[in-house]
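Trainee: 3D model of this:
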Amino acid sequence: MSDWQNAKEKIKLDFDRDGFIVLSDFCSPEQMREISAQLERYVREVIPRLPTEEHFYEDKTRPETLKYTRSLELHDEHFKKLFASEQFVALAELLLDGPIVGRDLSMFDKPPRIGELTPPHQDGYYFMLEPSEALTMWLAVDAVDEQNGCIRYVRGSHRRGLRAHHRTTTLGFSQGVSDYGPDDEANAVPIIAQSGDLLIHHCDTIHRADANCSDRPRRAFGFVYYAARARPDTRRVEGYQKSLMADLVETGKI
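Mentor: The predicted structure is shown next:
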């Protein structure tokens, strides 16, 4: 398991400079076996009881193509405890310079052969915070490489603030950076990860991922924490969510 407490200064320096960090072996193999088993139970027993807007599929007629499910901490006691655990919260508080608020625990997958690409985007564009201070911790459940859609972070992009976004056709990632170009791609760092590795990025860090062209899954959890001093523009967030849900229904994606 990662002993990040003994490297706090370097971790904070790297995060502030690059907009992301990678902590190998953050969760032990034993912990990951338990987390994986709990995820399988959640998919099998909890998801069938949830409203359709809480989870998306690459093909909604095929349950095995689950792409995304959100708010696990609201629907399950095990994931509620994991989300609020000191293991994750203390690290979030270090990187965000103070108290944090847990916002969401989601699971992302790119099903083998059909998992679509993730367009370049900034989480902060979706969060609509003032100030834009939040982070996502991305915990790899499966090994992730360039064949099954590893994350690519644009180093230092968080220091430029939020960029203009436009609508995309990618389910779960409806907004993408409008002017993503060669300079961004030249600074995009592919992150190869093993099960239990933790990737953490600032909400203004541009990132993307390719499609899953392999026969392997690419499951990961996203732990989202806001700085306690950050405030969402509630009216904008509600308006965006309402518009997005209407579009998903109209296009038959949920």
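Trainee: Let me see the mean pLDDT of the helix or strand where Phe88 lies.
Mentor: Assigned by DSSP states H and E, Phe88 belongs to helix 86-95. Averaging pLDDT along helix 86-95 gives 98.
Trainee: and the helix or strand containing Leu13, how far out from the chain's middle?
Mentor: Per DSSP H and E: Leu13 is located in helix 8-18. Mean-position distance between helix 8-18 and its chain equals 20 Å (C-alpha atoms, centre = their mean, to the nearest Å).
Trainee: In it, which of the residues would be classed as buried?
Mentor: Using 16 or more other C-beta atoms under 10 Å as the burial criterion, the residues of helix 8-18 that qualify are Ile11, Phe15, Asp18. C-beta coordinates here come from the backbone N, C-alpha and C atoms, glycine included.
Trainee: Same check on stretch 142-154?
Mentor: For stretch 142-154, a neighbour-count test (16+ other C-beta under 10 Å) marks Asp142, Ala143, Val144, Asn148, Gly149, Cys150, Ile151, Arg152, Tyr153, Val154 as buried.
Trainee: Also stretch 121-132?
Mentor: Neighbour counts using 16+ other C-beta under 10 Å place His121, Gln122, Asp123, Gly124, Tyr125, Tyr126, Phe127, Met128, Leu129, Ser132 of stretch 121-132 among the buried residues.
Trainee: most centrally placed residue in this structure?
Mentor: Gly222 (3.8 Å; C-alpha atoms, centre = their mean).
Trainee: Make sure that residue is indeed in a strand.
Mentor: Yes. Applying DSSP: H, G, I helix; E, B strand; the rest coil, one finds Gly222 inside a strand.
Trainee: check contacts around it.
Mentor: Gly222 sits next to Asp104, Leu105, Ser106, Met107, Phe108, Thr136, Met137, Trp138, Leu139 when contact means C-beta atoms under 8 Å, 6 or more residues apart in numbering.
Trainee: could I get those residues as CSV with pLDDT?
Mentor: Shown next, in CSV, are these (pLDDT from 0 to 100):
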residue, pLDDT
Asp104, 97
Leu105, 98
Ser106, 97
Met107, 97
Phe108, 94
Thr136, 98
Met137, 98
Trp138, 98
Leu139, 98
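Trainee: Columns neighbour count and secondary structure on top of those, output as a markdown table?
Mentor: Converted to a markdown table, the contacts of Gly222 look like this (neighbours: other C-beta atoms under 10 Å; DSSP: H, G, I helix; E, B strand; the rest coil):
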| residue | neighbour count | secondary structure |
| --- | --- | --- |
| Asp104 | 17 | strand |
| Leu105 | 26 | strand |
| Ser106 | 20 | strand |
| Met107 | 22 | strand |
| Phe108 | 22 | strand |
| Thr136 | 23 | strand |
| Met137 | 22 | strand |
| Trp138 | 22 | strand |
| Leu139 | 25 | strand |
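Trainee: Which of those sits closest to Glu45?
Mentor: For the contacts of Gly222, the closest approach to Glu45 (C-beta to C-beta) belongs to Met107, at 14.4 Å.
Trainee: Nearest residue to Val22 in space, please, no chain neighbours.
Mentor: Excluding its sequence neighbours, the residue lying closest to Val22 (C-beta to C-beta, 6 or more residues apart in numbering) is Leu199, at 5.4 Å.
Trainee: er, His121 I mean
Mentor: Computed as C-beta to C-beta, 6+ apart, the closest residue to His121 that is not its neighbour in sequence is Gly176, at 5.2 Å.
Trainee: Neighbouring strands - and their directions - for the helix or strand hosting that neighbour?
Mentor: Element membership for Gly176 (DSSP H and E) is strand 173-177. Paired neighbours of strand 173-177 in the sheet (DSSP bridges): strand 165-170 (antiparallel).
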